[in-house]
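A.B. asks: Provide a 3D model corresponding to the input given below.
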Amino acid sequence: MSKGGRPRKTEGAVYRRGNSGFWQVRYRDQKGEIIRESAGTNDRQKAERFLRDRLDARDDGRLPVVLSSKQLTFNQWADWFLERRSKPPFRSAGNHQQNVNALKFLRPAFGEVALSDITAEAIESYLAERLEQGRRVHTKFGLQLRGKIKPATAHQEFRILSHMFNVAVRQKRLAANPCLAVEFPVSVAKSTRKPHYMTATEQAAIESVAPGYLRNIVVILCEMGLRYKKELLPMRKAQVDLDNAVVHIADSKTVNGIGDMPLTDAAAEAFGRQMKEAPGSEYLFPTPKVGASKPHITNLRKVWAGTLKKAGVPYFALYELRHTFATRLSAGGVADHMVTQMLRQGDADVFKLYSQAKLGMMREALAKLDRKANERRVSSTEKAS
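C.D. replies: Here you go, the predicted model:
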């Protein structure tokens with residue numbers, strides 16, 4: 001019943017106001033309050049569809065979320081997200097920087113658009129345009145565009161955008177995540193370089209020319225599969241118990257990564273050597289820089305690249321020694337679920353990523369194939385007879 005006591009003849013209305021070119025809609029919310037807003041179109045059929053969507057949202061209880069998100073732009077939500085959900089302790093400093101970098105490209109495309117108005121079609125258009133853009137390279141002559149960006153770069157921006165929308169849904173600023181209806185236009189798996197498996201020969205060459213502390217790091221990573229930036233480099237000596245052959249992981253990328261991990265003999269020897277090489281410091285890998293922001297080493301990229309060059313080994317990321325650890329476990333006959341536990345991963349599917357280099361182990365085994373073994377066995381039998 002209406003306030004005047006008469007039954008309402010309609011759930012809403014579509015009308016024009018003054019000289020406006022856009023159709024307006026009028027309807028009541030769940031409390032019976034009249035809401036008026038522009039449909040944003042000069043097509044009556046689209047305006048009627050807009051009204052039906054509003055009524056459906058009201059009947060489903062989503063109307064407050066829809067209306068609140070209408071006033072919220074992508075730029076406003078990005079500012080909130082960076083401040084409240086991107087920085088530590090919610091995410092690591094590295095992840096926060098990735099979010100900042102991705103938003104440098106997302107803001108120009110969606111910045112002033114209302115959060116609720118961003119559609120799957122708009123996201124797909126952004127991805128198609130982004131994949132055609134040049135790769136930005138900073139040189140001494142300024143910023144230059146070279147070739148095209150890798151699909152993995154655009155895919156990372158897409159993942160960050162989807163995460164932002166998921167947070168908006170949980171915060172009741174958005175009814176649904178439009179990224180769920182988007183299919184990434186190219187295969188990321190085919191364009192991404194497979195992880196490098198470090199062979200025993202390569203490891204020996206690297207250790208022969210590496211500085212003492214880096215040699216210890218290589219051994220520890222290959223024997224334990226630690227995340228070197230988050231878990232190994234900030235480690236204190238008090239976390240290492242050589243008597244019981246165990247090390248305590250105090251901080252990690254995931255909750256599953258925190259805890260105790262046993263040491264192999266080789267890892268225990270490497271830890272012991274490193275503790276002797278860092279006297280007078282509570283950290284295993286103290287920084288040699290005076291006035292550094294952190295008391296431990298934080299970056300190994302330059303020394304690692306230089307060591308690989310001296311060893312004559314093609315460059316691969318130091319983090320990929322974690323792949324080597326998983327691959328060697330798998331090739332040694334360790335069950336997949338146990339390898340996942342040793343990697344301290346929450347998702348068993350992640351093991352597939354770390355064990356992709358198993359093909360290299362197979363090649364090593366095939367290289368040892370003795371093609372004359374049968375001939376020697378026959379010859380020995382003939383001589384005996």
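A.B. asks: mind giving me the domain split of this protein?
C.D. replies: Following automatic domain parsing, one finds the domains of the chain at 21-61, 74-191, 200-322.
A.B. asks: ok, which stretches of the stretch 1-150 of the chain are helices?
C.D. replies: Ranges of helices within the stretch 1-150 of the chain are 44-59, 63-70, 74-81, 93-110, 120-131, based on DSSP state H, counting those that start in this stretch.
A.B. asks: In the third one, which residues are buried?
C.D. replies: Okay, so that is helix 74-81. 74-75, 77-78, 80-81 (16 or more other Cβ atoms under 10 Å). All C-beta spots, glycine's among them, are computed from the backbone N, C-alpha and C.
A.B. asks: for the second one, same thing?
C.D. replies: Neighbour-count burial for helix 63-70, counted by 16+ other Cβ under 10 Å, picks out 63, 65-67, 69.
A.B. asks: circling back to that earlier point, dump the buried residues of helix 74-81 to a markdown table, plus distance to Phe165.
C.D. replies: Listed next are the buried residues of helix 74-81 as a markdown table, based on distance: Cβ to Cβ, whole Å:
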| residue | distance to Phe165 |
| --- | --- |
| Phe74 | 10 |
| Asn75 | 15 |
| Trp77 | 9 |
| Ala78 | 11 |
| Trp80 | 13 |
| Phe81 | 10 |
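A.B. asks: related to what we said a few turns ago, among the helices of the stretch 1-150 of the chain, show me which one is buried the most.
C.D. replies: Across those, averaging neighbours per residue (mean count of other Cβ atoms under 10 Å) puts helix 74-81 on top, at a mean of 19.
A.B. asks: returning to what we had before: mind giving me JSON lines with the buried residues of helix 74-81 and columns for distance to Glu132 and pLDDT?
C.D. replies: Formatted as JSON lines, the buried residues of helix 74-81 follow (distance: Cβ to Cβ, whole Å; pLDDT from 0 to 100):
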{"residue": "Phe74", "distance to Glu132": "22", "pLDDT": "94"}
{"residue": "Asn75", "distance to Glu132": "24", "pLDDT": "95"}
{"residue": "Trp77", "distance to Glu132": "27", "pLDDT": "94"}
{"residue": "Ala78", "distance to Glu132": "24", "pLDDT": "95"}
{"residue": "Trp80", "distance to Glu132": "31", "pLDDT": "93"}
{"residue": "Phe81", "distance to Glu132": "27", "pLDDT": "95"}
